[in-house]
Every structure is written in C-alpha cells, then in structure tokens.
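Colleague: Predicted model follows, preceded by the sequence.
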Amino acid sequence: MANATKLEKMKFILVGAGGFGEFWQKLFIPRMKEFAVPVAAVDVSEEALQCPVRNGTLDASKCYTDIETAIAENPCDFLVLVIPPQHRMQYIDVAIKHGLHVVCEKPMADTMENACLIYNKMKKAGLKVSVTVSHRMEQNKQSLNRLLDESRYGKLNYIIGRLTMKRDFSRRGADRTFEEMVKGSIPGGLLHELDTCRGLSRSNAKSVYASMWRFEPGDGSLGSSMFATVEMENGVRCFIEHSHANATELNGWAREFYRAECANGTVVIDKDTLTADCDLGFPNPTHADLPLDTDSELWDHAKIVHDFCAWVQGGPEPETSIRDNMYCCALTFAAVESALSGQTVDVPAFLAKYEKQYQLNLAE
C-alpha cells in the first residue's frame, strides 16, 4: 500500500446530508481535503441540511433541496451518494445528464436488477463509479490482507469472520416480515463481511449458503442473527457469524474478528490486534504479535475516494470499482436468495442469469 498520490483536487456534491451523510462530514471529508472537497450538499430534508452547517463542512448558502440547482450553481466533478439505495436511480440519471462520475455508498443498489441498470447506464455514458465497501479497506483488514498476499504463512485454507453486537430494547424492525428482514439486513449488514472475505481470499464466490433468524429471548428485547458459508472460486472457504442479538459485543463495526487458517500459521485480526500462531515447530514461531500496517496515510472511505480520484485522472481501476462491485452484488443478493429459500446458491450461475438478461460485459 502506498501513501496518497499527488492528485489534482476534485470537487464533489454530497447527496444525503443527514444520517450517514453526517459521518462523511465528521469522519471522512476532513481526511480527503488534499484531493477532494465538497462544494455543495443536497437533501430533501431542510433539517438534514443543517448538519453540514453545524459541522463546519459548508455554508448554508451551499445547501440545497434541489440537485439541479446545486449543480448549476456549483460546478463539480462527481456526486457522492449517501442516500438509501432505493432512491439512487434518479441521481444516477442526474449524474449522467451532467457528465458526472459517482462515488456511491454500499450497497450500490437495493436489488440485483437495479445494480445491473446502474452498471449499464454509467458504462454507456463513459462515467466512472466507485462503491464504498469500506470495511475491507480499513487498516486492520488491510494489514491481514498484506500478510495473506505475501503468503508469509503459506497457502490460505479457510477464513472465519465474526461481527457480534449486543441486542437492544428498541425493538426496531419488529413489524418487518421475515422477507423484509432478510432483504434489509443482508445488503445492509452481512454484505460487509461477504465483501471482506472476497478481499482476503482474493477470489469471487462459487457458492453461498446463508441462514438468518429473529431472536426474542422474552425480556422485551429483539435481535437477529445470521450465519453464512461461502466457497470461493479458488477453493478457499469462508464462514461468517453476524449477529445483533447477543448479550455481549465481542466485535462491532470496524472492529471485526477474522481468523485466516494458513498452511504454516493461524493469523488473526481481532479488533486492532494482529497475531500469528503455529504449533508445527521451526522455523515458524509459536506466537507472534504483529504490527498493523502504517505505511499508508489513508484507509477506508478516504482511501476509496483517493483511489477513485486517481482513476478518474488516468490511474488504475481501483478494487472498489463498479465492475468489481458487481461481483459483490452477485454474492450479496445470492445470499438473500439462499436465506429465503434455505438452499445453497451457485453464485456464478446467479450472476450469469443477470449478465444474459442485461447484456452485461464484466470482463471489459
């Protein structure tokens, strides 16, 4: 991983000023100032538009409820879409109308069909899209990725992933049907571990089996849990535990647990602690505490936007490009199909169905 490349500073409009858009204002945008700056914010809510002002991101005069006015008054290079996926298509059309590239929050779309439509529309327009599948780009996961890429501990056999959080008493989502729960929670939650496993294994998925259920222990609280088993095309197996129903938060967002079983070592990232263990004897150490990578100035969203800007300016296609993300979408929505059907889903066959229907050409 390299430090930030010197780039021409690019301008963007933030679409979605409240909710996760406020995380952008507080945590991500300040780390992008050398290569990308916001020139306006758009939201349908006047209340949400107070966030960029309150956070010192933009003046009130640069906050709009109408995207067309925002673009007319603030020339920019790309849009950042931080709005629910079911509302994104209209802004994709606006981006195409004005010749603007797009950085899009994950999931890219609410359905596989809409992911295909976005891919085809932007490709036909000759515009670039990156998707902020940020968890795989965080420092802890990138540190584990480096060790696996270097094959320091030999051939990778399988990966165990865990995100487990304590349940709460808000009973949020109690009125959702099982199908609604699955279609909301897998693209909105499990997607992160699915895509991280794609990154760690350096492979797309061959098959996926996902199981999800609601947990009500009788104390007034409510949660949901998921397990997923993924076989990668290169033979690596991945086993994922994802739960919001536990009594204890072992590994929350951005502080997940991944155990990579390799031929010559068990390599673990647990929150921000990286270790390797081996009982095979010399020359492998019994235990090693390993440092996290520090040779990059950028991680997560900042790295994704930096690499996107470099791509727009003639650099290489990043790991988080829309083309790569179509394989993430295929795995994610195949997992949805698996959880609803109770069956293992062939991911390449699942994707091939959409490639044929929408005449996709992901090989280009």
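Modeller: Received, thanks.

Colleague: Correct me if wrong, but residue 91 is in a helix.
Modeller: Yes - according to DSSP: H, G, I helix; E, B strand; the rest coil, residue 91 belongs to a helix.

Colleague: Next, the contact list for it, please.
Modeller: 15, 67, 79, 81, 83, 102 (C-beta atoms under 8 Å, 6 or more residues apart in numbering). Heads up, the C-betas are built off the backbone N, CA and C, glycines and all.

Colleague: what's the answer for residue 14, then?
Modeller: Contacts of residue 14 (C-beta under 8 Å, 6+ apart): 21, 24, 25, 29, 38, 40, 41, 42, 52, 57, 80, 82.

Colleague: Hmm, residue 121 is touching residue 90, no?
Modeller: No - when contacts are counted by C-beta atoms under 8 Å, residue 121 is not listed as touching residue 90 (11.7 Å).

Colleague: hang on, the earlier thing: any chance of a PyMOL selection covering the buried ones in the contacts of residue 14?
Modeller: Buried subset of the contacts of residue 14, written as a PyMOL selection, criterion 16 or more other C-beta atoms under 10 Å:
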select buried, resi 21+24+25+29+38+40+41+42+52+57+80+82
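
Colleague: Just flag the most distant two among the contacts of residue 14.
Modeller: Greatest spatial distance among the contacts of residue 14 (C-beta to C-beta): 29 and 42, at 14.8 Å.

Colleague: Closest one to residue 8 out of the contacts of residue 14, please.
Modeller: residue 38 (16.2 Å).

Colleague: The closest one should be in a helix, yeah?
Modeller: No - read with three-state DSSP, residue 38 is strand and lies in no helix.

Colleague: Mind listing the residues bridging to the residue nearest to it when sequence neighbours are not counted?
Modeller: Nearest residue to residue 38, sequence neighbours excluded (C-beta to C-beta, 6 or more residues apart in numbering): residue 14, at 5.1 Å. For residue 14, the beta-bridge partners under DSSP bridges are residue 41, residue 80.

Colleague: Show the contacting residues for the spatially most distant residue from the centre of the chain.
Modeller: Of all residues in the chain, residue 282 has its C-alpha farthest from the mean position, at 39.0 Å, by C-alpha atoms, centre = their mean. By C-beta under 8 Å, 6+ apart, no residues touch residue 282.

Colleague: any idea how far residue 288 is from it?
Modeller: Separation of residue 282 from residue 288 (C-beta to C-beta, to the nearest Å) stands at 14 Å.

Colleague: burial count for the closest residue to residue 43 other than its chain neighbours?
Modeller: Using C-beta to C-beta, 6+ apart and skipping residues adjacent in sequence, the residue nearest residue 43 is residue 17, 4.0 Å away. Around residue 17 there are 30 other residues, counting by other C-beta atoms under 10 Å.

Colleague: For residue 17, what are phi and psi?
Modeller: phi -100, psi -20 (degrees, to the nearest 10).

Colleague: Could you verify my assumption that it touches residue 51?
Modeller: Yes - counting by C-beta under 8 Å, residue 17 does reach residue 51; the two are 5.1 Å apart.

Colleague: For this protein, give me the ranges with low pLDDT.
Modeller: 1-5, 364 (pLDDT under 70).

Colleague: most centrally placed residue in it?
Modeller: residue 133 (1.9 Å).

Colleague: Pull up the gap between that residue and residue 61, please.
Modeller: Distance from residue 133 to residue 61, by C-beta to C-beta: 34 Å.

Colleague: What segments of this structure are helices?
Modeller: 20-23, 50-54, 67-73, 89-98, 112-125, 139-149, 178-185, 191-201, 300-312, 322-341, 347-358 (DSSP state H).

Colleague: roughly how far apart are residue 323 and residue 123?
Modeller: For residue 323, the distance to residue 123 - C-beta to C-beta - is 8 Å.

Colleague: likewise residue 200?
Modeller: 28 Å.

Colleague: Give me the more crowded residue out of those two.
Modeller: Applying other C-beta under 10 Å to residue 200 and residue 123 shows that residue 200 carries more neighbours, namely 25 against 17.

Colleague: pretty sure the more buried one is touching residue 145, no?
Modeller: Yes - under the criterion of C-beta under 8 Å, residue 200 makes contact with residue 145 at 5.9 Å.

Colleague: circling back: which one's more surrounded, residue 121 and residue 90?
Modeller: Neighbours per residue (other C-beta under 10 Å) separate residue 121 from residue 90, with residue 121 holding more: 16 against 10.

Colleague: wait, what's in contact with the more buried one?
Modeller: So residue 121 contacts 92, 93, 96 (C-beta under 8 Å, 6+ apart).

Colleague: you'd agree residue 140 is up against residue 268?
Modeller: No - counting by C-beta under 8 Å, residue 140 does not reach residue 268; the two are 10.7 Å apart.

Colleague: Overlap of the contact sets of the two?
Modeller: Common contacts of residue 140 and residue 268 (C-beta under 8 Å, 6+ apart): residue 274.

Colleague: Between these two, which has more neighbouring residues?
Modeller: residue 140 (22 against 18).

Colleague: how close does that one sit to residue 255?
Modeller: Distance from residue 140 to residue 255, by C-beta to C-beta: 8 Å.

Colleague: Now the common contact residues for the two.
Modeller: What both residue 140 and residue 255 touch, as defined by C-beta under 8 Å, 6+ apart, is the set 271, 272.

Colleague: got the contact list for stretch 59-69?
Modeller: So stretch 59-69 is contacted by 13, 15, 17, 39-46, 49, 52-53, 70, 73-74, 91, 94 (C-beta under 8 Å, 6+ apart).
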